[in-house]
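[1] what's the 3D shape of this:
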Amino acid sequence: MGWNPSTWWWLIAGAMVAAELATGTFYLLMLALGAAAAAAAAHLGLGLAGQLLCGAVVGGGAVAAWHMRPSRQASSTDVSANRDVNLDVGSPVQVPQWQADGTARVSYRGAAWDVRFAGTGVPAPGEHVIRAVEGNRLLLDRAAP
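    Next comes the predicted model:
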């Protein structure tokens, strides 16, 4: 049984998609697009050179476009202050009294925590916001009025 060239291209595209699912390499999906474009070129009756050219242009272009896309990742924010990593960042905390060295002991999430003032000026009792978590110590700043 002889298979036409488009069948081979579709099998190659399917194998690339399966390999991508097994490895998680997103670039294989872009190359699978190139194989699908080569299959479409085979359906249109182009010869092997036209199919290869079509697959290379589409697959290579998709890989290049994906590689050069602007990243949506945040700038290199310190992990201790990154809300995406530490869900405590941005949470309110009530500080009843500060020590002279800018530390205090507060109740947060049902436990006693050591805190340190990380804002500007002199710390004052009242509402504060967690700006970072440093080990088992919370770094606080004044809450916005």
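
[2] the helices in this structure, which residues?
    Listed in chain order, the helices of the chain (DSSP state H) span 5-23, 27-43, 48-68.

[3] can you tell me which of those helices is packed in deepest?
    Highest mean neighbour count among the helices of the chain (mean count of other CB atoms under 10 Å): helix 27-43, with a mean of 21. In this view, the C-beta of every residue, glycine as well, is placed from N, C-alpha and C.

[4] show me how this protein divides into domains.
    Domain assignment for the chain by automatic domain parsing gives 5-68, 79-142.

[5] residue ranges in the protein under the pLDDT threshold?
    1, 72-77 (pLDDT under 70).

[6] before we move on, the earlier item: could you dump the helices of the chain to CSV with distance to residue 132?
    Putting the helices of the chain into CSV (distance: least, CB to CB, whole Å) gives the following:
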stretch, distance to residue 132
helix 5-23, 36
helix 27-43, 36
helix 48-68, 33
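
[7] and of those, who's closest to residue 93?
    helix 48-68 (42.7 Å; CB to CB).

[8] what about residue 118, how many neighbours?
    17 (other CB atoms under 10 Å).

[9] isn't it up against residue 132?
    Yes: using CB atoms under 8 Å, residue 118 makes contact with residue 132 at a distance of 6.9 Å.

[10] need the overlap of contacts for those two.
    Listed contacts common to residue 118 and residue 132 are residue 139; contacts here mean CB atoms under 8 Å, 6 or more residues apart in numbering.

[11] what is the burial count for residue 117?
    Residue 117: 22 neighbours (other CB under 10 Å).

[12] got it, and the one 5 residues further on?
    Burial measure for residue 122: 8 neighbouring residues, criterion other CB under 10 Å.

[13] return the set of buried residues in the longest strand anywhere in the chain.
    The residue-count maximum for a strand in the chain (DSSP state E) belongs to strand 126-134. Of the residues in strand 126-134, 128-133 count as buried by neighbour count, 16 or more other CB atoms under 10 Å.

[14] done for today, thanks.
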